[in-house]
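Participant: The sequence and its predicted three-dimensional model are supplied below.
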Amino acid sequence: MSLFRSKQDYFIYNLARQAELNVIGLEGLVAYMQSPCTEHEEKVNIAEKDADEVRRMLVDELNRTFVTPFDREDIYELSRAVDDVLDYAHSTVHEMNMLAVKPNEHMCKMAQHLLDASREMLLAFQRLEKHPSVANDHAREAKRIENDMEKTYREAIAELFAGPAEAENIVNMMKTREIYRHLSNAADRADEAANVISNIVVKMT
């Protein structure tokens, strides 16, 4: 029983640790959108690297463990989805630098949506073991925020393509659209993580 308990703590703790690093990284993304600088970029980069290491250890332990607190497939998919959110945040900052794209109001708003959703996901992980129904409430709130994100994304795209169809502007439009898509993809992965948590809660109760 003590062995099972230690494994249970290990997986839940490290899933929560991934979620915590997501929050840290997305705080960096929000800060970068408000004031692009190396310091804020590095906050995203460091969180992404740390989260990758946590995921590698979690997957390694998963491959060597027979008894898990819930389905191993759910653990793997949950870890992967959470990891993807921060990967997209990292790619967003990297490509904004590479393509010389400056943040705008829509990007700031989308980054804030991602941070808000990630905070809800962290709360969901922290409550999953002892209060699964509360965890599910936070997962649902994360999904609601993702719906807000989708609305912001559509508004941003509509405004972007309403601009003049001049060659230089079209290049800028394509660059900006790529950044919007990274942010939208991150939200999709947060939504997937929330769905996995809801599925786990159904199985637990």
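Facilitator: Yep, it's here.
Participant: any chance you could read off phi and psi for residue 129?
Facilitator: phi -70, psi -50 (degrees, to the nearest 10).
Participant: isn't it right up against residue 15?
Facilitator: No. In this structure residue 129 lies outside contact range of residue 15 using Cβ atoms under 8 Å: 10.2 Å. For every residue, glycine as well, the C-beta is placed using N, CA and C.
Participant: So the two - more neighbours on which side?
Facilitator: residue 15 (26 against 17; other Cβ atoms under 10 Å).
Participant: Pretty sure that one sits against residue 124.
Facilitator: No. In this structure residue 15 lies outside contact range of residue 124 using Cβ under 8 Å: 9.8 Å.
Participant: Now do the helices in this structure.
Facilitator: Along the chain, the segments classed as helices by DSSP state H run 2-34, 38-63, 72-99, 105-127, 132-160, 167-204.
Participant: can I get those helices in a markdown table with mean pLDDT?
Facilitator: Formatted as a markdown table, the helices of the chain follow (pLDDT from 0 to 100):
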| stretch | mean pLDDT |
| --- | --- |
| helix 2-34 | 84 |
| helix 38-63 | 95 |
| helix 72-99 | 95 |
| helix 105-127 | 96 |
| helix 132-160 | 95 |
| helix 167-204 | 91 |
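Participant: Point me to the residue sitting closest to the centre of this protein.
Facilitator: residue 85 (2.8 Å; Cα atoms, centre = their mean).
Participant: Now do the contacts for that residue.
Facilitator: Contacts for residue 85 (Cβ atoms under 8 Å, 6 or more residues apart in numbering) come out as 22, 26, 114, 118, 186, 189-190, 193.
Participant: at 6 Å instead, please
Facilitator: Neighbouring residues of residue 85 by Cβ atoms under 6 Å, 6 or more residues apart in numbering: 22, 186, 189-190.
Participant: Pick out whichever of those residues sits closest to residue 136.
Facilitator: For the contacts of residue 85, the minimum distance to residue 136 (Cβ to Cβ) is 15.2 Å, reached by residue 190.
Participant: Setting the sequence-adjacent residues aside, check what's closest to that closest one.
Facilitator: residue 117 (4.7 Å; Cβ to Cβ, 6 or more residues apart in numbering).
Participant: Report how many residues lie close to that neighbour.
Facilitator: For residue 117, the neighbour count with other Cβ under 10 Å is 29.
Participant: I'd like the numbering to begin with 52 instead of 1 from here.
Facilitator: From this message on, residue numbering opens at 52, which makes the last subject residue 168.
Participant: May I ask you to confirm that it is in contact with residue 196?
Facilitator: Yes. Shown here, residue 168 and residue 196 form a contact pair, counting by Cβ atoms under 6 Å, at 4.3 Å.
Participant: In terms of pLDDT, where does the residue lying farthest from the centre of the chain sit?
Facilitator: Within the chain, the residue lying farthest from the chain centre (Cα atoms, centre = their mean) is residue 217, at 35.0 Å. With respect to pLDDT, residue 217 has a value of 70.
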